[in-house]
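# Sequence plus predicted model, see below.
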Amino acid sequence: MTQRPLTDAGAEPSPVHPVDPVKASGGSRAAVARAPGLTASEVAERIARGEVNDVPVRSSRSTADIVRGNVFTRFNAIIGVLWIIMLCVAPIQDSLFGFVILANTGIGIIQELRAKKTLDNLAVIGEARPTVRRDGTAREIPTSEIVLGDLLETGPGDKIVVDGEVTEADGLEVDESLLTGEADPVLKRPGDHVMSGSFVVAGGGAYTATKVGREAYAAQLAEEASRFTLVHSELRSGISTILKYVTWMMVPTAIGLIISQLVVKDTDFKHSLARTVGGIVPMVPEGLVLLTSIAFAVGVVRLGRKQCLVQELPAIEGLARVDTVCLDKTGTLTEGGMDVKELRLLNGSDDGYVRTVLGALGESDPRPNASLRAVIDTCPDTGEWRCTESLPFSSARKYSGASFNESGGESSTWLLGAPDVLLGRDDPALAEIDSLNAQGLRVLLLARAARELDDPAPAQDAEPAALVVLEQRLRPDAADTLRYFAAQSVSAKVISGDNAVSVGAVAAKLDLPGAERTVDARTLPADREEMGAALEDGAVFGRVTPQQKRDMVGALQSRGHTVAMTGDGVNDVLALKDADIGVSMGTGSEATRAVAQIVLLNNSFATLPDVVAEGRRVIGNITRVATLFLTKTVYSVLLAVLVVCFQVEYPFLPRHLTLLSTLTIGVPAFFLALAPNRERARPHFVRRVMRYAVPGGIVAAVATFAAYLLARSYYSGTDALDAETSVATLTLFLISMWVLAIVARPWTLWRVLLVTTMGLGFLVVLVVPWLQEFFALRLVGTTMPWAGVAIAALAAVTLEFAWRWVDRRFPA
């Protein structure tokens with residue numbers, strides 16, 4: 001039988017490690033002589049000296065940051081100054097806008113604190129709990145309780161949480177690519193240094209903490225940028241862009257309005273000042289940032305109830321924009337556990353002997369993976385063999401091994417791993433294996449090695465002894481979730497380290513489109529463009545190495561796709577980090593949970609549609625709300641410009657625009673921002689908002705100013721300005737209500753009730769005498785009020801035509 005070499009010429013020998021003699025004698029692991037770690041008194045001394053790992057929790061902002069972020073904003077400063085001025089010179093009703101800002105800020109702080117509480121509680125559940133050795137006993141503790149000099153045990157999938165020096169190593173391989181960019185795992189021996197932010201891919205050992213807290217390597221990296229790719233939020237960056245342009249428009253317009261009202265017009269100073277403030281305040285889209293934050297915060301709380309930890313808030317938005325989901329099979333489509341279905345003996349092997357070998361191999365690995373755990377359950381160790389050397393499993397190598405002194409005194413070396421890696425391509429046994437893989441079964445090959453484990457090609461010339469057939473447990477919710485993504489035009493790609501035929505069979509059982517076209521990743525081109533083309537055509541890929549998973553994510557991104565990656569194993573870490581959105585299972589390795597933006601603590605793949613739905617709610621609703629706020633900003637700026645050009649009094653006092661903003665924007669926007677919304681996420685947020693806000697604002701400003709000028713030509717006398725303001729307020733309210741009605745489409749019962757309630761609220765102000773006086777609204781006669789209604793109706797028709805034309809001329 002022919003075996004092909006598995007390492008390149010000149011490659012380093014496999015990382016073999018001798019086994020401790022106590023362990024080799026068949027004794028329990030607890031009996032192994034090892035360093036006891038720090039004593040309780042030594043730990044207490046270090047805590048007193050402040051030598052503790054006090055790195056801040058990644059998942060949320062501090063309370064002070066939340067308060068500061070909501071209170072000390074550019075627009076709050078502008079509104080605050082204007083509020084203080086109005087409190088000094090005008091009636092309290094002209095200062096209502098300030099109280100509204102206080103209420104909004106308070107709501108924002110409360111919602112973010114709720115989100116912080118949810119995140120922090122979930123972070124405790126999903127937090128990595130490293131194992132430290134103290135007083136000779138191993139125990140799990142929170143990362144924040146590690147002290148300088150602690151001895152930490154580590155194994156496959158564990159994150160190196162602090163800088164340290166290796167004291168024990170059993171084939172310990174560490175991936176430092178997230179820190180250094182070096183793709184190949186580094187073999188660590190006693191005395192070598194390990195850096196926080198790296199993670200173990202194979203083997204195990206222990207290391208002594210030499211730097212903790214902010215002194216550790218990863219903690220010194222600026223804002224964790226080298227460890228975590230922060231999610232890009234089109235919503236937040238778009239709103240920042242809009243606010244920048246709004247500020248540029250506000251400043252010259254406000255200066256012109258101030259000069260016009262205070263210098264040119266010869267009227268009462270306090271009255272002019274009040275109308276000047278009334279012109280400046282509505283230019284500020286003060287609630288837009290607030291409602292965006294609230295929408296994200298409420299999303300976090302809702303998902304938190306479903307045991308979904310969102311480690312970066314914009315990840316809610318990001319997953320809704322994803323058009324390709326890369327899925328690792330094991331732990332995502334299938335449950336983590338497996339069962340041994342049968343042992344198929346090869347080359348006349350003895351069943352009892354094979355079971356003894358498998359039991360000894362299971363005992364030789366201190367941290368067995370799911371496949372080996374299934375083997376251990378079926379073939380328990382007899383304790384008669386002594387392990388002298390071991391080769392830990394790694395995803396890149398795809399096999400493990402160990403050397404033994406058998407009970408009869410003979411020595412042997414055994415390998416357990418992927419048959420198509422251990423066997424030559426033309427080996428006849430592969431035909432039998434392919435038939436098993438086609439049934440969705442996982443197959444491992446047990447082979448007796450003819451070479452030592454530290455040989456560059458230990459699998460060469462190995463003699464097959466048995467096939468271990470494993471049955472994988474499908475997640476009951478996986479098929480429904482895949483169907484959901486297909487219905488939403490999200491392409492699913494299964495990329496797994498397992499045999500391609502086996503992966504394809506599992507995908508077929510779940511009705512994944514394209515499952516019949518399986519691809520062995522070893523045949524994929526290395527060129528990114530060619531790989532991207534191959535990925536577009538295929539849906540199921542097997543025998544994918546960890547580096548290939550990363551390359552595949554990059555190839556899809558290079559073709560314009562927004563990619564999410566799900567996984568739970570250490571072999572998924574690199575791809576999770578580079579994907580636009582990384583999703584990890586709660587039972588995944590420490591390393592995967594650390595780099596993922598979303599952690600499904602309930603290990604349910606079915607939670608992903610809920611995350612997508614929350615993202616769509618945030619994107620769709622904030623687009624609606626932004627249109628309302630920016631329409632107001634546009635008409636406020638344009639009204640101010642028209643007032644300056646025509647040299648007339650500004651038509652509104654602050655109280656009028658506070659009333660209008662509350663009924664047509666503030667209250668409706670709050671409900672619209674938190675309402676269910678299943679619309680598909682679309683790009684170009686700024687363009688989609690401005691293409692409606694600009695024509696809407698122009699129509700509202702021109703129509704309102706026309707009604708104001710018409711009223712000025714009609715009314716005369718000492719109370720004429722109040723009557724003119726009332727007509728302009730009525731006109732602007734009706735137009736703003738129509739803008740709200742358009743934005744609220746498609747209409748549902750609750751949305752119709754919302755718009756109707758806002759209209760009734762304004763009607764109550766017009767008919768209740770004390771509210772008329774409070775808001776200085778009194779419609780005089782019938783001619784001008786009806787003229788205002790007619791102008792508003794004409795504006796509504798114009799809006800309908802203008803927005804339909806915009807849809808055709810500037811499609812989103």
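Cool, the structure landed.
# for the stretch 501-650 of the chain, what spans make up the helices?
Using DSSP state H, counting those that start in this stretch, the helices assigned to the stretch 501-650 of the chain run over residues 528-537, 546-558, 573-578, 590-595, 608-646.
# Who's the closest spatial neighbour of the spatially most central residue of the chain, skipping the chain neighbours?
Nearest to the mean C-alpha position of the chain, by CA atoms, centre = their mean, lies residue 315 at 2.7 Å. Closest residue to residue 315 apart from its sequence neighbours, by CB to CB, 6 or more residues apart in numbering: residue 597 at 3.8 Å. From N, CA and C alone the C-beta is placed, and that goes for glycine too.
# who's in contact with the one you found?
Counting by CB atoms under 8 Å, 6 or more residues apart in numbering, residue 597 touches 231, 310-312, 315, 318, 581-583.
# Give the buried residues for whichever strand or helix holds residue 688.
Taking DSSP states H and E as the definition, one finds residue 688 inside helix 685-714. For helix 685-714, a neighbour-count test (16 or more other CB atoms under 10 Å) marks 685-686, 688-712, 714 as buried.
# what is the mean pLDDT for stretch 648-661?
The average pLDDT for stretch 648-661 rounds to 89.
# Against residue 400, how distant is the residue lying closest to residue 384 once chain neighbours are set aside?
Nearest non-adjacent residue to residue 384, counting by CB to CB, 6+ apart: residue 407, 4.0 Å away. The spacing between residue 407 and residue 400, counted by CB to CB, to the nearest Å, is 22 Å.
# more crowded one of these two?
Shown here are residue 407 and residue 400; by other CB atoms under 10 Å, residue 400 has more neighbours (26 against 13).
# In contact with that one: list those residues for me.
Contact analysis of residue 400 by CB under 8 Å, 6+ apart lists 361, 365, 372, 390-394, 415-417.
# Which neighbouring elements make contact with the helix holding residue 688?
Counting contacts by 3 or more CB pairs under 8 Å, 6 or more residues apart in numbering; DSSP states H and E, helix 685-714 is packed against helix 234-259, helix 608-646, helix 720-743, helix 783-809.
# Make JSON lines out of these and add distance to residue 775.
Compiled in JSON lines, the helices and strands packed on helix 685-714 are given as follows (distance: least, CB to CB, whole Å):
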{"stretch": "helix 234-259", "distance to residue 775": "22"}
{"stretch": "helix 608-646", "distance to residue 775": "18"}
{"stretch": "helix 720-743", "distance to residue 775": "9"}
{"stretch": "helix 783-809", "distance to residue 775": "16"}
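# hang on, the earlier thing: do you know which of the helices of the stretch 501-650 of the chain lies nearest residue 53?
Closest of these to residue 53 is helix 590-595, at 14.4 Å (criterion: CB to CB).
# returning to what we had before: just the buried members of the contacts of residue 400?
The buried subset of the contacts of residue 400 - by 16+ other CB under 10 Å - is 361, 365, 372, 390-394, 415-417.
# what's the neighbour count on the nearest residue to residue 514 once chain neighbours are set aside?
Distances taken as CB to CB, 6+ apart place residue 539 nearest to residue 514, at 3.0 Å, with adjacent residues excluded. Here the number of neighbours of residue 539 (other CB under 10 Å) works out to 21.
# so who does residue 539 touch?
Contacts for residue 539 (CB under 8 Å, 6+ apart) come out as 491-494, 507, 512-515, 517.
# From the residues you listed, which land in strands?
491-494 (DSSP state E).
# Need the residue in this protein that's farthest from the chain's center.
Centroid-distance maximum for the chain: residue 717 at 62.5 Å, with CA atoms, centre = their mean.
# Need phi/psi at that residue.
When read as degrees, to the nearest 10, the backbone of residue 717 gives phi 110, psi -180.
# Could you measure from it over to residue 192?
Residue 717 sits 92 Å away from residue 192 when distances are taken as CB to CB.
# cool, residue 289 as well?
Distance, residue 289 to residue 192, by CB to CB: 49 Å.
# With neighbour numbers in mind, choose between these two.
A count of neighbours by other CB under 10 Å puts residue 289 above the other of residue 289 and residue 192, at 22 against 16.
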